[in-house]
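Trainee: only the shape, not the letters, is given here:
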Ligand SMILES: [Zn+2]
């Protein structure tokens with residue numbers, strides 16, 4: 001837990017991190033936790049989150065994000081071994097426009113089955129290469145590595 005991490009008493013995930021709110025914990029260490037989603041979209045739906053309160057991934061350092069996704073991958077492998085789904089989605093939402101319901105960073109690990117009712121609309125639009133290159137240029141210029 002870093003000095004600048006603020007635990008918010010009204011945040012459900014901070015409450016789980018502080019063991020104020022009960023949860024079905026899969027894993028926890030000093031900085032990270034994985035627990036069963038209370039409103040799962042599929043059996044075995046796990047959330048992986050930092051214990052420190054960050055609203056979105058944009059607020060986190062790159063190395064912290066790396067540790068978060070490394071744990072998410074380990075949890076996905078465990079879900080695979082334990083439940084033998086047909087597939088697994090890792091989903092990480094930032095902001096209400098991107099379906100983030102709880103404003104404390106988390107990664108969804110969602111076991112999938114052929115024929116399940118989960119769907120994401122993915123309206124594909126054709127872009128020509130010049131448009132794509134212009135977008136790539138804008139994003140490259142904004143990269144801070
Ligand atoms: Zn929180």
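Mentor: Thanks, I have it. Predicted, not measured: the structure shown is a model, and the values here were computed from it.
Trainee: okay, CA-based contacts and neighbour counts for the rest of this
Mentor: Fine.
Trainee: may I see the buried residues of the strand or helix carrying residue 79?
Mentor: Secondary-structure element containing residue 79, defined by DSSP states H and E: helix 62-83. Going by neighbour count (16 or more other Cα atoms under 10 Å), the buried part of helix 62-83 is 65, 68-69, 71-72, 75-76, 79-80.
Trainee: list the residues that contact the residue nearest the centre of the chain.
Mentor: In the chain, the C-alpha nearest the mean C-alpha coordinate belongs to residue 107, at 1.4 Å (Cα atoms, centre = their mean). Residues near residue 107 by Cα atoms under 8 Å, 6 or more residues apart in numbering: 47-49, 69, 72, 90-93.
Trainee: can we see that at 7 Å?
Mentor: Each residue near residue 107 by Cα atoms under 7 Å, 6 or more residues apart in numbering is listed here: 47-49, 72, 90-92.
Trainee: which strand residues bridge it?
Mentor: Beta bridges link residue 107 to residue 48, judged by DSSP bridges.
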